[in-house]
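J.: Generate coordinates for the sequence data below:
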Amino acid sequence: MTTEEHAFTIPIGDWSDDGHGKCDYYHATAAKPFKQVCLAFEAAKKKFKKDGFTPENVCNEYEDSTFPEETIELLAKHGYKVDAEDFGTREMAELVVWFLNQGDTELNAVLLPEDKEPPMLRNWDYRDAINKNLDGFGYGLLGS
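T.: As a prediction, this is how the structure comes out:
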């Protein structure tokens, strides 16, 4: 029996492009559909409510790249180690995945390696899947 994986993307940064406009995107999978991923996040927020922790509150202001020492200590109590000296967008995505799994231990969310992302309906992945070419879609829509 194989477990179905559900792919989703975790944006780290200004995903709405209404501020500094910089955002890194990380791909992850879970054993449950996206709605369950969202519910797991809400469950984790409830679990950590008394501690006041959610990944939403870490490095969330403009030019705020310092990971708070008290948060490092709190996470250590829960078995999660943070290296504040080497904390960037990938590490934030890893923290989000860990947090999701705290909300639902059966979610099995996993951050994909940086060189792996869900297949995209574009020529390279299309050709790899069925050995045929695909021209692409809407190229002219963005050229003006």
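J.: could you pull out the strands for the protein?
T.: In the chain, the segments counted as strands under DSSP state E are 6-13, 23-30, 110-111.
J.: Low-confidence ranges, the chain, go.
T.: Within the chain, the stretches with pLDDT under 70 are 1-3, 15-20, 117-122, 124, 136-144.
J.: spatially speaking, which residue is in the middle of this protein?
T.: residue 10 (2.8 Å; Cα atoms, centre = their mean).
J.: Next, find the distance separating that residue from residue 135.
T.: Residue 10 is 30 Å from residue 135, where distance means Cβ to Cβ, to the nearest Å. Bear in mind the C-beta positions are built from the backbone N, C-alpha and C, glycine included.
J.: ditto for residue 35
T.: 34 Å.
J.: which residues does residue 133 contact?
T.: Residues near residue 133 by Cβ atoms under 8 Å, 6 or more residues apart in numbering: 123, 126-127.
J.: repeat for residue 96
T.: 10, 12, 55.
J.: Then residue 74?
T.: 51, 53.
J.: Please apply the same query to residue 24.
T.: Residue 24 touches 11-13, 89-90, 93, counting by Cβ under 8 Å, 6+ apart.
J.: Could you find the closest non-adjacent residue to it?
T.: residue 89 (4.2 Å; Cβ to Cβ, 6 or more residues apart in numbering).
J.: Pretty sure that neighbour sits against residue 11.
T.: No: in terms of Cβ atoms under 8 Å, residue 89 does not count as a neighbour of residue 11; the distance is 9.5 Å.
J.: who's more crowded, these two?
T.: Neighbour totals were compared for residue 89 and residue 11, and residue 89 leads with 17 against 14 (other Cβ atoms under 10 Å).
J.: give me every residue that touches the more buried one.
T.: 12-13, 24, 26.
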